[in-house]
Structures are given as structure tokens and as C-alpha cells.
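> generate coordinates for the sequence data below:
(3 chains)
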Amino acid sequence: MAVGLEHYLILSAVLFSIGLYGALAKRNAIIILMCIELMLNAVNIAMVAFSRYIVPLLLTGQVFVIFIMVVAAAEAAVGLAIIISIYRSRETIDATKIDLMKW
Amino acid sequence: MLANYGYIGLLLVVAIFFAVTTLLLPLFLRFIHIVPHKPNPIKSSTYECGMETIGKAWVQFNFRYYFYALMFIALDVLVVFLYPWAVELRKLGLFGFIGMLVFTFIIVVGYIYAWRKKVLEWK
Amino acid sequence: MNLELFLPELTLAAFAIIVILLDLVIQRKGWLVVVSLAGVVVAAGFTIIMWGGSSQAIFNNMLAVDNFALFFKLLFLAIAALVILASVDYVSKFTRFQGEYHALVLLSALGMMLMAATAELISIYIALELTSISLYVLVGFLKDPKSTEASLKYLLLGAVASAVLLFGMALVFGFTGKTQLGEIAQAIQALSLSGVLASPGLILGIVLMIAGFGFKIAAVPFHMWVPDVYEGAPTPITAYLSVASKAAGFAIILRVFYSAFGLPQWLSLDWGMLFAVLAAIGMTLGNVVAIPQTNIKRMLGYSSIAQAGYLMVGLATVGFSPAADIVGRSSLLFFLASYALTNLGAFTAIIAISNKLDSDLIQDYSGMGKRAPLLALALTLCLISLIGLPPAAGFMAKFYIFSGAVQHGLLWLVVIAVINSVISAYYYLRVVKVMWLGEPASEEKVPSSGALRLALSLSCLGVLLLGIIPGYIMKLAEVAAKMFVF
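Alright, predicted model coming up:
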């Protein structure tokens, strides 16, 4: 059986869903950040697969992926910095305990 | 197509076999009494490059490490943009070169900022 | 390559870098305000010179330089200038990081300007993230736990939203093979689909993109972050978020949906309907939940969710009207301009009052009419504009947007919107009542600095002008509604 576009897309959709579940259900802020990274990488897989199978002569999808990676790194850096500053002020990164403001 | 995966499967089997054997070999050697079993405190202590160990493994790291890590995360990925430009250096010509100069200048501004804010110093 | 068409953005980027470098060497931080304002003014000058010209595109059709983009660029620059003015007092209280504050405000304004101009999925994503990442940092600028908490919530939810948006973009790219909006439109028409079920993958992509953009504009199922972030962020940044970031979101939605998904007709009717439903839910939820709030920043947060609902009535009109009709777009642009001035005015007044009181509770505003009559008058004007009563700008804005919707058969939506406006009058007028009829807690006057007074009087003047002689701005909005067609 040959590996086709649909296999990559299924892989990407599964990874994306795992990431989304983790981002919504996990309590540790760093794990949430990792799950978001998982979602972005799922998108990267879909992009590269589409690019390879739909427009094999162009590199649009690959270029898009490079940009996503760089922006994701910047986002992760800012996220970690914010998590450090939260940890400094309240000694926890449990997302369920970061609840000064509700409703 | 599937035959290609056969090789990967073969590699997997070999890898698992190798890992399991090397783990089980000492136990086996001890079992047939080739290796003596005489533990003492110095023998069973943690081995760390010949030095005596200091403290526990679960210490809190200095905050400074995180700053270095953050700097690294933010700036190292940018190298990825240099590769496509380097491959097509001739075709992109002067405009591409100036564009890359501007790009590197902005990154250097980031470094200057970090340097002046004393992120690179260990205090 | 027409680099001169890119001058406003280049200027702003250069000034942001200059501010960062200048901050490292000079001791008197007051100059940073001057330099950032100069950057905004120069960029605005370049933008005004280009206004009215014919539409063009640069960088292989990645960036459109049309009146639509220029209108939004001017709007963002005006907002950035007012925010910088309004935060002079606020920032001078910081002992550190004043330069970073101004540089980040400039950089996020740059991101928003790019958001209004981009016509290509990759650059849309980058512009969006440039704006968002700067704002994540700005929201967490204060050292108190509320601010960092707001920042973390904003970052985590924003990152999830942009991942969802990207997945949508990946699907749209996969089903059309293009990333440039005009080419996407051609590819979709070439597919000659018959209905929603003809290409579920493409539709899924479009829906996911709505979800991602919906986060930026605080549309209802994606609004969770709004009240918390508005409450926790530094007040000038709350003002900035509530107007500029929202306007940028609407700019990008208008461009993407108008130029990429505008045809075939059934597709635009479908997303128009989707926005109409989101609008109805958004208005109702925002207004009802705003009623019991005790913190004025939080109340304005829910109010901004409701205002996003009114704005989405305009989006629905765009979806329902034929592509050549500009009523939906021009009324949306007018609403955004008037909403920006109104909300900036309200928040500037709140900054001035909370500088003195150190509190954002509505009950502490008691007797403000006696302690600071001018501030209270300005806040009253802005709240009246938010309700949508004459003579303020909000009245004309709502009038235009609702009459456009009625023309295109969205009467049911307008009925819901009008009922909601009546509900909203209750909680806005409660603040007015507390200010003018309540007993003052002390006789002390509320002082305010010159920059703050300038920002406040500029926005109030704008609110009045747009309310009394709306024709001129409406003409500008009509010119701006003619978008670049690829």
C-alpha cells in the first residue's frame, strides 16, 4: 500500500486533535505550551504534505512551514518568559490555580 | 513499497535485541558466577566522571539558565532564513544581499539589547 | 519594486528600532515619548500622501496598497498616537522598561498596519503574530499578579487560536493550491462547486479561519479571554487592545472574506449567515453579562464583546450583499472609526480617574461629577456614544450599519440589535448615575496631566464631530471601501 496524501492528513488531524485536547485539559502551563507546539507541528505536516502532493513544483507550503517554525519559537520564548514571571510571583504554574479573575 | 518498511522492521528487531541483551548480559554473568557480587558503599555510589557527587539531582537551576535558553530559542531559529538566501545568492543579487543585511542588523539589535541589559552576564 | 509604497511601515519599523537603541543610551526617558510620537506622525504623513491614489500591489501581490489599507493604517496610527499620549503618566511611574513599552506599542501598530494591507496567507499569519506577540508582552507589563495572569491567559488562548487559524489556512491552501487571496478566489470559482457539501474540506478550512480570526475580534464563542485580559492589563493597553486589535481583526476578515471567499454567491451567503448568528449571540451575551459587573474595565470588556456583535452585523451585510455593493463595508469602516474614538475617550478618562483613586470599581466613581466635572462629562459623552444616542458618534455608526443590514434582508438581526442597545443603556447609564448623583467619598480634586487632557479632548472632539457632521467621514469610508481587486 502506497503512502498518499490522505495518510499525512490523517496523521496531521490526529496530532492536531491530541494537541487541542491537551491544550484544553492539561493543568501545567508548560505542558499546555507544549501541546500548542504539537498543534503547530500538525499544521506543518499538513502544509508540507499539501505542498508536495498538490503543487509539487512550488515550495509555497515549505516556505510557510519555515515561517510557522520561526514564529512559534518567538511565541514559545515569550510564553516561557511569562511563565517564569508568574512562577516568581506565586510559586506555581498550575493553570487551575491561576484564577485571580473569574467572571 | 512495503519491502522498504521491511528493512526498518529488521533494524527495529536488531535494535531491540541489542538493547535487551546488553541489559541482561551482566545479570546472566552474575547468575553463572563469573562476576562476583560484593557490593560496598563506594561501589554503589553514583558515578559522575570520577568526581564525587555534590548534592541531589533534583536541584533548582539558576534563573540565568532560563534567560540563556530564551535568548537561544528566540534567535537561533532565524538562521533558517539564511539557508535559502545562501543557496540562491547569485540569483537574488544586490536586493537580496541588502535585505539580508537589514535582517542581520535587526538580529544584532536584539543582541545589543540583551548585552546592554546584562542578560549575557553571570551574576 | 515600488519600495516607496512601503514607506509608512518602514518608517515605523525604523523608529521602533531607534527607540530600543535610544533607550539603552539616554537617561532622560521623556525623549522616548517624543521619538515614538514623531515616528507615528511621519508614518501618518507618508500614508496621507498616498491617500486617494489608485490601488496597487507590491511584493508579488503580497501587500495591497489601496484606500482600504490606507484608511486602516491612518486609524491605527491615530490610535497608537492617542495611546502613547494617554500612557505618558502611567509609564513614567515605571522605574524600568519605559523604552520597551513604547517600542512594543510601535511594533504592534506596525503589525496591525500590515494586517490591513496583506493579501496573502503567509504574510497574514506573520502580521497577526507580530501584533499578538507584542500585545502579549504589553498586557503582562505590570509586576502585579493580575497583569501576569492576564498575559498568560491571553498568550495561551491566543496561541491556540492562531494554531486553529493555521489549520484552516492549511486546508484552504490544500484545496486551492494557492496562498494569494485573489488566486484563491479564482481557484475556488474554477472548482465550480454546487453547495456546502461539494467540498467539505474547504468549508472546514473557512470555518476554522473564522474561529481563528474570531478570537482577535472577541466574537462570542472565542471571547473568554476578553474580560480577564481587559481587567488585568495596564489601562492604556486595555484601550489599545479594545480598539486597535479589534479593528485590525475586522480589517483582515473583511479583506480575506471579501477578496477570497466573496464568490460564488452561496458561499458568501453562508459565511454571512454564520456571522449573523455569531453577531446575535455576541450582542446578547455581552450585554447581559455586563449588567452585574462591578469593575469598570471588566464591564467595558463585556461591552466590547457586545460592540463586536454590532460590528458583525456589518460583516453579515457584506456577506448578504452583492460584491459591487459597498454599503456593508463603508458602514463597518465608519463604525470602527467611531468606536475607536469612543472607547479611547472612555479609557483615557478611566486612566485619569484611576491614577488618583487607584481603583477601577464603579462604586468608587461616586460623586465624580463634583470632584472632576470635565472628566466626568467626557466619560458621560463616551458612554452615551457607546449606547448609541445622539449627538454622539455611536448613534450615526449604528444608524448606518443597521440601515445597511435592513436593506439586505437582515431585519430580524437588526431587531435583536436594537433590543440589545436598550439593554446596554441600563449598565452604561448606571455609571453615569453613580458619577453625577452619588455622594463623593472625598472633596479632593482629580488632577490630570497635559498629555492625558490632550488625548481626551481629541477623542471627545472626534466623537462629537462624527456624531454631528458624519457625512465627511462617511465619504472617506466610501472611498476606502473600494478594495484592491487582484
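> only C-alpha atoms for contact and neighbour calcs from this point on.
Will do.
> count the neighbours of C:Asp325 for me.
14 (other C-alpha atoms under 10 Å in any protein chain shown).
> that one in helix, strand or coil?
The local conformation at C:Asp325, judged by DSSP: H, G, I helix; E, B strand; the rest coil, is coil.
> how near is C:Leu181 to chain A?
14 Å (C-alpha to the nearest C-alpha, to the nearest Å).
> I should have written C:Ala43 there, sorry.
Taking C-alpha to the nearest C-alpha, one finds C:Ala43 at 26 Å from chain A.
> enumerate the residues of chain A near chain B.
A:1-2, A:66, A:69-70, A:73-74, A:76-77, A:80-81 (C-alpha under 8 Å from any C-alpha of the partner chain).
> do that again at 10 Å, thanks
Residues of chain A lying close to chain B by C-alpha under 10 Å from any C-alpha of the partner chain are A:1-3, A:63, A:66-67, A:69-81, A:84.
> residue 67: which element?
Using chain A. helix A:60-90 (DSSP states H and E).
> oops, wrong one, chain B.
Assignment of secondary structure by DSSP H and E places B:Phe67 within helix B:63-76.
> for the residue most central in space within chain A, helix, strand, or coil?
Computing the C-alpha centroid of chain A and ranking residues by C-alpha atoms, centre = their mean puts A:Glu37 first, at 2.6 Å. Put simply, A:Glu37 is helix when judged by three-state DSSP.
> for it, give me its contacts.
Going by C-alpha atoms under 10 Å, 6 or more residues apart in numbering or on different chains, A:Glu37 touches A:16, A:19, A:23, A:31, A:43, A:69, A:72-73, A:75-76, C:159-160, C:163.
> state the distance from it to chain B.
13 Å.
> one more: C:Ala239?
Counting by C-alpha to the nearest C-alpha, the gap from C:Ala239 to chain B is 28 Å.
> go ahead and confirm that residue touches C:Ala233.
Yes. Using C-alpha atoms under 10 Å, C:Ala239 is in contact with C:Ala233, at 9.5 Å.
> residues near residue 70, how many?
No chain in the question, so chain A it is. 21.
> nope, chain C please
C:Leu70: 23 neighbours (other C-alpha under 10 Å).
> picking up where we left off before, please enumerate the shared neighbours of C:Ala239 and C:Ala233.
Contacts common to C:Ala239 and C:Ala233, judged by C-alpha under 10 Å, 6+ apart, are C:Lys297.
> show the contacting residues for residue 25.
I went with chain A, as the question did not name one. Per C-alpha under 10 Å, 6+ apart, neighbours of A:Ala25: A:19, A:32.
> should've been chain B
Counted by C-alpha under 10 Å, 6+ apart, B:Leu25 has contacts B:Phe31.
> show me what whatever helix or strand C:Leu156 lives in is packed against.
Per DSSP H and E: C:Leu156 is located in helix C:145-176. If you count contacts as 3 or more C-alpha pairs under 10 Å, 6 or more residues apart in numbering or on different chains; DSSP states H and E, helix C:145-176 packs onto helix A:5-25, helix A:29-54, helix A:60-90, helix C:121-139, helix C:181-191, helix C:200-217, helix C:225-232.
> so where's chain B uncertain?
Regions of chain B meeting the criterion pLDDT under 70 cover residues B:1-4, B:47-58, B:61, B:123.
> quick one, helices of it?
According to DSSP state H, chain B carries its helices in the segments B:2-31, B:63-76, B:82-87, B:89-116.
> got the buried residues for the shortest one?
For helix B:82-87, burial by neighbour count (16 or more other C-alpha atoms under 10 Å in any protein chain shown) applies to B:Trp85.
> and for the last one?
Within helix B:89-116, the residues that count as buried by 16+ other C-alpha under 10 Å are B:96, B:100, B:110-111, B:113.
> repeat for stretch A:44-58
A:44-52, A:54-55.
> go back to these and keep what's next to chain C.
Answer for the buried residues of stretch A:44-58 near chain C (C-alpha under 10 Å from any C-alpha): A:44-51, A:54-55.
> residue numbers of chain B in contact with chain C?
Checking chain B against chain C by C-alpha under 10 Å from any C-alpha, the hits are B:106, B:109-110, B:112-113, B:116-117.
> just send those back as CSV, with distance to chain A too.
Formatted as CSV, the residues of chain B next to chain C follow (distance: C-alpha to the nearest C-alpha, whole Å):
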residue, distance to chain A
B:Ile106, 14
B:Val109, 16
B:Gly110, 13
B:Ile112, 18
B:Tyr113, 16
B:Arg116, 19
B:Lys117, 15
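> can I get whatever helix or strand C:Phe46 lives in in CSV, CA atoms only?
Using DSSP H and E, C:Phe46 falls within helix C:30-50. Only the C-alpha atoms of helix C:30-50 are listed here, as CSV (Å, rounded to 0.1, in the frame of the first residue of the first chain):
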residue,chain,number,x,y,z
GLY,C,30,10.9,61.5,28.4
TRP,C,31,12.5,61.8,25.0
LEU,C,32,11.3,58.3,24.1
VAL,C,33,7.7,59.5,24.1
VAL,C,34,8.7,62.3,21.7
VAL,C,35,10.6,60.0,19.4
SER,C,36,7.8,57.4,19.2
LEU,C,37,5.2,60.2,18.5
ALA,C,38,7.5,61.5,15.8
GLY,C,39,7.6,58.1,14.2
VAL,C,40,3.9,57.8,14.3
VAL,C,41,3.4,61.3,12.8
VAL,C,42,6.0,60.7,10.0
ALA,C,43,4.4,57.3,9.1
ALA,C,44,1.0,59.0,9.1
GLY,C,45,2.3,61.7,6.8
PHE,C,46,3.5,59.2,4.2
THR,C,47,0.1,57.4,4.5
ILE,C,48,-1.8,60.7,3.9
ILE,C,49,0.3,61.5,0.8
MET,C,50,-0.7,58.1,-0.7
